[in-house]
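Undergrad: model this:
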Amino acid sequence: MKQADKRTLWIIARSLPVHIGGGMEHIAKSTIEGLAHSGWQVVTVTNRLPADPGFPESVSIAELDAPPGVHSGRFRRACVTWARAQTSKPAAIISVSSAGSSIARLMPNVPSIYQCHGTRYTEALSKLLAGDPRGLINVWRYFFREKIDLRGFDRYVPIGPAIEKTLRSRAYPMVPPEKIHLIVNGIDMVRIRKVMGENRATIRREFDISPDAKLIVAASRLVRSKGVFQLIRAFPRLQDKKNAVLLIAGDGPHRSALEKLVASESISGVRLLGAQPRDQVHRLMRCADCVAQISLAAEGLGLVALEALSLGCPVLLSNHILVPAVPGHGGIHHTDPRNVDAIAASIDSILSSTKQDNALATAAQEQYSLTRMIDRYDALLEELIR
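TA: Here you go, the predicted model:
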């Protein structure tokens with residue numbers, strides 16, 4: 001197999017937003033598109049696509065015959081078969097989580113980056129704290145597989161400080177500390193700035209929210225691990241609950257259970273909006289007084305928090321979610337996601353003492369920009385292939 005052009009890059013991702021609408025998938029897509037715009041000849045290796053992923057024409061796609069988003073031997077074998085069939089090597093490889101570990105082992109002389117979105121260790125702790133024995137067993141099934149998959153990469157890129165901290169812990173001795181390189185998730189500021197130009201009062205009228213209402217917004221998949229049950233139970237405990245509104249954007253297997261909870265406890269002011277386009281979620285954040293992301297599970301770095309701060313809205317996070325602070329600004333608050341009284345008290349504190357801040361938005365847009373994230377990947381790749 002001959003050496004490829006110095007700008008050829010393979011990015012291996014088990015799933016993309018057209019497969020599963022999770023944060024990892026959106027970051028994978030942004031990484032692919034951003035590096036393609038930077039001049040890399042990107043080949044995306046993924047599973048069968050159910051729809052057009054919307055990539056630039058310069059991005060090549062290799063579809064493998066394996067189920068999307070699944071830790072399967074079938075995907076690993078398909079990756080190896082595909083890689084062996086290529087006539088030339090890439091200049092570098094990026095593995096989205098462990099998706100590309102089999103290719104990285106096959107080509108040890110090709111520079112490789114492991115983009116780390118989470119670890120089995122923190123996932124296991126989350127299942128343990130949540131009292132989910134079945135989930136814990138499933139996690140431990142893959143724990144030792146992860147230790148194998150992590151070996152041999154030239155750089156490890158945690159997408160948030162919480163993951164970086166875990167990778168540097170004793171739980172991961174196979175990851176050399178000098179090879180860990182934090183690159184925080186970035187978001188598309190073009191879309192954010194477009195929403196910043198909209199009038200908050202106009203958006204509120206569209207959603208039938210009064211100008212003086214205290215608006216709390218949450219956006220997540222509707223599953224128990226995302227803390228939506230606790231958030232809804234905390235809502236009636238707010239001091240100004242008669243003037244408060246909670247809008248939850250998202251869908252998932254527990255939506256009907258959440259609707260039953262709202263109805264059975266006669267909780268007024270809570271509205272489940274279902275799945276919403278990302279631009280619509282941004283508009284909700286633009287007119288909110290607080291955005292809540294109180295996941296019970298470990299989170300690498302929630303895009304929701306970064307988007308809200310970039311729109312100037314204060315955020316309430318679980319105490320285990322670490323978001324890099326915006327220098328010279330506040331806006332980031334933490335609470336115990338399992339304590340509904342603590343959640344209510346934290347929301348009350350935010351609603352009574354903070355409000356949307358354009359200066360925070362401007363600083364956060366610089367701090368969390370997708371351009372900044374891609375520039376750092378670009379520099380890291382150039383360093384590796386020199």
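
Undergrad: for the rest of this, base every contact and every neighbour count on C-alpha atoms.
TA: Fine.

Undergrad: separation between D375 and G39?
TA: To G39, D375 is 12 Å away according to CA to CA, to the nearest Å.

Undergrad: next one: G118
TA: Where G39 is concerned, G118 sits at a distance of 28 Å (CA to CA).

Undergrad: which of these two has more neighbours?
TA: Neighbour totals were compared for G118 and G39, and G118 leads with 22 against 12 (other CA atoms under 10 Å).

Undergrad: that one belongs to a strand?
TA: No. Going by DSSP: H, G, I helix; E, B strand; the rest coil, the assignment for G118 is coil, not a strand.

Undergrad: what residues does it make contact with?
TA: The neighbours of G118, taking CA atoms under 8 Å, 6 or more residues apart in numbering as the test, are 97, 158, 163, 298-300.

Undergrad: and the two most separated of the residues you listed?
TA: Maximum pairwise distance in the contacts of G118, criterion CA to CA, is 15.4 Å, between S97 and A298.

Undergrad: which residues touch the spatially closest residue to S210 that is not a sequence neighbour?
TA: Nearest non-adjacent residue to S210, counting by CA to CA, 6 or more residues apart in numbering: R204, 6.7 Å away. By CA under 8 Å, 6+ apart, R204 lies in contact with 210-211, 287.

Undergrad: do L316 as well
TA: L316 is in contact with 290-294, 332-335, 346-347, counting by CA under 8 Å, 6+ apart.

Undergrad: and it, helix, strand or coil?
TA: Recorded secondary structure, L316: strand (three-state DSSP).

Undergrad: mind checking which of the contacts of L316 are in strands?
TA: Using DSSP state E, the members of the contacts of L316 that fall in strands are 290-293, 332-335.

Undergrad: and the residues you listed as a markdown table, adding neighbour count, distance to V270 and pLDDT?
TA: As requested, these are exported to a markdown table (neighbours: other CA atoms under 10 Å; distance: CA to CA, whole Å; pLDDT from 0 to 100):
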| residue | neighbour count | distance to V270 | pLDDT |
| --- | --- | --- | --- |
| C290 | 28 | 14 | 96 |
| V291 | 28 | 14 | 97 |
| A292 | 27 | 14 | 97 |
| Q293 | 26 | 16 | 93 |
| I332 | 18 | 23 | 93 |
| H333 | 16 | 22 | 95 |
| H334 | 20 | 22 | 94 |
| T335 | 22 | 20 | 96 |
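
Undergrad: so which of the residues you listed comes closest to L9?
TA: Q293 (34.3 Å).

Undergrad: which pLDDT value goes with the nearest residue to the closest one once chain neighbours are set aside?
TA: Distances taken as CA to CA, 6+ apart put L317 closest to Q293, at 5.0 Å, once the chain neighbours are dropped. We have a pLDDT of 95 for L317.

Undergrad: just D336 next, same as before
TA: So D336 comes in at 95 (pLDDT).

Undergrad: cool, S88 as well?
TA: Per-residue pLDDT puts S88 at 92.

Undergrad: now swap in D5 and tell me
TA: Per-residue pLDDT puts D5 at 68.

Undergrad: then stretch 160-179 to PDB, C-alphas only?
TA: Listed next in PDB are the C-alpha coordinates belonging to stretch 160-179 (Å, rounded to 0.1, in the frame of the first residue of the first chain):
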ATOM      1  CA  GLY A 160     -14.200  18.300  27.700                       C
ATOM      2  CA  PRO A 161     -12.300  18.700  31.000                       C
ATOM      3  CA  ALA A 162     -14.200  16.000  32.800                       C
ATOM      4  CA  ILE A 163     -13.100  13.400  30.300                       C
ATOM      5  CA  GLU A 164      -9.500  14.700  30.400                       C
ATOM      6  CA  LYS A 165      -9.500  14.300  34.200                       C
ATOM      7  CA  THR A 166     -10.700  10.700  33.900                       C
ATOM      8  CA  LEU A 167      -8.100   9.800  31.200                       C
ATOM      9  CA  ARG A 168      -5.400  11.200  33.400                       C
ATOM     10  CA  SER A 169      -6.600   9.100  36.400                       C
ATOM     11  CA  ARG A 170      -5.300   5.700  37.600                       C
ATOM     12  CA  ALA A 171      -8.200   4.000  35.800                       C
ATOM     13  CA  TYR A 172      -6.500   4.600  32.400                       C
ATOM     14  CA  PRO A 173      -2.800   3.700  32.800                       C
ATOM     15  CA  MET A 174      -2.600   2.700  29.100                       C
ATOM     16  CA  VAL A 175      -3.100   6.400  28.100                       C
ATOM     17  CA  PRO A 176       0.200   8.300  28.300                       C
ATOM     18  CA  PRO A 177      -0.500  11.700  30.000                       C
ATOM     19  CA  GLU A 178       1.900  13.500  27.500                       C
ATOM     20  CA  LYS A 179      -0.300  12.300  24.600                       C
END
